[in-house]
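Visitor: Build the 3D model from these lines:
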Amino acid sequence: MRERPDKAKLLNRLNRIQGHVGAITRMVREDRYCIDILTQISAARAALAWVETERLEIRLSHCIEGGDAEDQHAKARELIELLRRNAR
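Guide: Take a look at the predicted model:
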């Protein structure tokens with residue numbers, strides 16, 4: 001399997017998310033101000049949403065666009081089911 005150019009960008013963002021989560025852990029351990037902790041949580045959540053959106057775009061552009069119609073429908077159904085599970 002070939003390396004995708006977007007992989008480095010996603011890994012970089014995931015490393016930053018790990019940094020946010022580490023900061024949240026330290027802040028809770030240190031009994032930091034609640035608003036500061038919530039701000040870090042919000043930043044981590046936004047970064048995860050960005051990664052999710054990027055992966056969705058990749059899925060749509062690379063996986064669903066290729067293949068025959070039956071394969072496209074199966075992949076679209078799989079994606080719709082994932083979105084339904086996440087909406088709960």
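Visitor: Low-confidence stretches in this protein?
Guide: Across the chain, residues meeting the criterion (pLDDT under 70) sit at 1-5, 63-64, 66.
Visitor: Would you map the helices across it?
Guide: Here the chain has its helices, by DSSP state H, at 5-29, 34-58, 69-87.
Visitor: what would the ones you listed look like in CSV with mean neighbour count?
Guide: In this view, the C-beta of every residue, glycine as well, is placed from N, C-alpha and C. Below are these laid out as CSV (neighbours: other CB atoms under 10 Å):
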stretch, mean neighbour count
helix 5-29, 13
helix 34-58, 13
helix 69-87, 11
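Visitor: ok now do the closest residue to A23 other than its chain neighbours, which residues does it touch?
Guide: Distance criterion CB to CB, 6 or more residues apart in numbering; nearest residue to A23, sequence neighbours excluded, is Q40 at 5.3 Å. Listed by CB atoms under 8 Å, 6 or more residues apart in numbering, the contact set of Q40 reads H20, A23, I24, M27.
Visitor: Of all pairs in these, which one spans the longest distance?
Guide: The span of the contacts of Q40, defined through CB to CB, is set by H20 and M27 at 10.4 Å.
Visitor: In contact with V21, which residues are there?
Guide: A44.
Visitor: What's the separation between it and A74?
Guide: 35 Å (CB to CB, to the nearest Å).
Visitor: Between the contacts of Q40, which sits nearest E52?
Guide: Distance to E52, by CB to CB, is smallest for H20 among those, at 15.1 Å.
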